[in-house]
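Asker: Fold the following.
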Amino acid sequence: MTEIGTRLKEAREAKGYTLSDLQEITKIQKRYLVGIENGDYDSIPGAFYVRAFIRQYAEAVGLDPDELLETYKNEVPSTPSMEATTVIPAQRQKRNRIGGSPSRQTMEALPKIMVGLFVVSIIVIAVWMYMQKSKTDLPNASEDPSQAEYAEPVKPIDTEKEREKEETRKKNEAAAKEEAALKEQEKEQQATKEEKPKKDKEQDKGKDKDKDKDKVTQTITEDAANSGGNVTTFNVTGPEQLNFDLSFTGDAWIEVRDAATRATLLDNEGKVYTAGEEIKLEDVSAKSVYIVIGNIETTDVQLNGEKVEYVRQGYPQSLIFNLQ
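Answerer: Residues are numbered from 1 along each chain as shown. Below you'll find the predicted structure:
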């Protein structure tokens, strides 16, 4: 157990809180609270949440979180910072000094080297052209007259019977293609006749749904009497069910529960979602939903297609939606 964990635990016990009481106050899972007291930070998803949970824990038991984190900063993991280093530039400067500039003798010899390369290139091109010309002057074995003596004579096929057979074959193929095209056209017409009533019914259903949607007006209002701290309660009137869409632009820990039964509505409770991921909860049967968001700066919440604005700030942030 670390010193900061010992101090937090003593403050909790002085308040008379159990871990279950503290979990209810801070909305932090009990396993993370145990990890903070025991200094087991590997069980907590990232340094950002370690510091955020310690701060929330300290506030709940009446300690100053800033003073606590500063006093025990060697025990608490710090978040990554952008620190510049001058080692690599110094090494580069050293290598540049070692390399130096071209010597004077090399610069004076450079024109001679270029002339020599030019002469060698001309010689190579001349040799290559000569070899190509030599190849074209060689006799082609395929043009040897002796080879033609063994060629078999081509039998004439342009007879009257062959022409009649060819014309008959072409007529039969054309007739078969025309018959196949007619059958395919009949099938398409029949399918169109059968599908048209179905499409008409689906279109009518779609129109009815659109009309029903137009009739429903959603209203989301804050219940100030039941809100406070990092908790905001909303009353939702209009829709018959709750549909949630949560999207992420960065890391965020999420918990979604039925506010009445405390039953979780996510299969992977306590998962840290990353940028580009999304949570969709459609046709939620619960009339009251409780959502805990670890990082509101990276999490957008939509209710039935309408974006929910955060009323309060803090980590973690708790939102309660009551369907009226």
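Asker: what are the ranges of the strands in the protein?
Answerer: 219-222, 231-237, 242-248, 252-258, 272-273, 278-284, 288-293, 299-303, 306-307, 317-323 (DSSP state E).
Asker: Next, format those strands as CSV and append mean pLDDT.
Answerer: Below are the strands of the chain laid out as CSV (pLDDT from 0 to 100):
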stretch, mean pLDDT
strand 219-222, 94
strand 231-237, 94
strand 242-248, 95
strand 252-258, 92
strand 272-273, 92
strand 278-284, 94
strand 288-293, 92
strand 299-303, 95
strand 306-307, 96
strand 317-323, 93
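Asker: What sits closest to Ser318 if chain neighbours are left out?
Answerer: Closest residue to Ser318 apart from its sequence neighbours, by CB to CB, 6 or more residues apart in numbering: Val231 at 4.4 Å. All C-beta spots, glycine's among them, are computed from the backbone N, C-alpha and C.
Asker: could I get the strands of the chain as JSON lines with mean neighbour count?
Answerer: Shown next, in JSON lines, are the strands of the chain (neighbours: other CB atoms under 10 Å):
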{"stretch": "strand 219-222", "mean neighbour count": "13"}
{"stretch": "strand 231-237", "mean neighbour count": "18"}
{"stretch": "strand 242-248", "mean neighbour count": "18"}
{"stretch": "strand 252-258", "mean neighbour count": "21"}
{"stretch": "strand 272-273", "mean neighbour count": "19"}
{"stretch": "strand 278-284", "mean neighbour count": "13"}
{"stretch": "strand 288-293", "mean neighbour count": "21"}
{"stretch": "strand 299-303", "mean neighbour count": "18"}
{"stretch": "strand 306-307", "mean neighbour count": "12"}
{"stretch": "strand 317-323", "mean neighbour count": "20"}
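Asker: Let me know which of those is the nearest to Ala14.
Answerer: Proximity to Ala14 (CB to CB) singles out strand 231-237 among the strands of the chain, at 24.7 Å.
Asker: From the contact counts, what lies against that closest one?
Answerer: Strand 231-237 is packed against strand 219-222, strand 317-323, with contacts defined by 3 or more CB pairs under 8 Å, 6 or more residues apart in numbering; DSSP states H and E.
Asker: which ones are touching the nearest residue to Gly250 once chain neighbours are set aside?
Answerer: Leaving aside its sequence neighbours, Gly250 sits nearest to Thr298 (CB to CB, 6+ apart; 3.4 Å). Going by CB atoms under 8 Å, 6 or more residues apart in numbering, Thr298 touches Phe248, Thr249, Gly250, Asp251, Ala252, Ala275.
Asker: Test my guess that the first one contacts Lys271.
Answerer: No - in terms of CB atoms under 8 Å, Phe248 does not count as a neighbour of Lys271; the distance is 11.1 Å.
Asker: Which parts of the chain belong to which domain?
Answerer: If you go by automatic domain parsing, the domain ranges for the chain are 3-71, 219-323.
Asker: nearest to Ile125, of the ones you listed?
Answerer: Nearest to Ile125, of the domains of the chain and by CB to CB, is domain 219-323 at 57.0 Å.
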